[in-house]
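J.: coords below, sequence missing:
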């Protein structure tokens, strides 16, 4: 379990190198505790693409198109924000 290297500071105080307190999240002691940043971005952009492809078809009115485009824009903005936040995360430490 390389991600959970333990540093002992005093007799009662234990610090984990990954910054996760095992009292708040007990799974940090025995399992992997992370995310899938590349897969999240890939799935998000696939969703945006799929929503925009749904514009092609037999539509009765434009309300469907407004919801499809609006949802695709909202997801794309969230993905761009996440990408920018991840690229500048090292500056905050």
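T.: Now that the structure is in, tell me what you want to look at. The structure presented is a predicted model; accordingly, all values stated were derived computationally and were not measured.

J.: In this protein, what residue spans correspond to helices?
T.: 37-53, 63-87, 89-92 (DSSP state H).

J.: how is the chain carved up into domains?
T.: Annotated domains of the chain cover 1-34, 37-92 [automatic domain parsing].

J.: okay, the helices of the chain in a markdown table with mean neighbour count next?
T.: Using the backbone N, CA and C atoms, a C-beta is placed for each residue, glycine as well. Below are the helices of the chain laid out as a markdown table (neighbours: other CB atoms under 10 Å):
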| stretch | mean neighbour count |
| --- | --- |
| helix 37-53 | 13 |
| helix 63-87 | 13 |
| helix 89-92 | 7 |
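
J.: Now render those as TSV, adding mean pLDDT.
T.: Formatted as TSV, those follow (pLDDT from 0 to 100):
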stretch	mean pLDDT
helix 37-53	94
helix 63-87	93
helix 89-92	66
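
J.: Check the gap between the spatially closest residue to residue 71 that is not a sequence neighbour and residue 66 for me.
T.: Leaving out its chain neighbours, the residue that sits closest to residue 71 by CB to CB, 6 or more residues apart in numbering is residue 51, at 5.7 Å. From residue 51 over to residue 66 the distance is 12 Å, taken as CB to CB, to the nearest Å.

J.: same check, this time on residue 37
T.: 31 Å.

J.: Residue 72 and residue 51 touch, don't they?
T.: Yes - contact between residue 72 and residue 51 holds when scored by CB atoms under 8 Å: they sit 4.1 Å apart.

J.: Check the gap between the residue lying closest to residue 79 once chain neighbours are set aside and residue 80 for me.
T.: Once flanking residues are discounted, residue 79 sits nearest to residue 44: 4.5 Å by CB to CB, 6+ apart. Distance, residue 44 to residue 80, using CB to CB: 10 Å.

J.: One more: residue 87?
T.: Distance, residue 87 to residue 80, by CB to CB: 11 Å.
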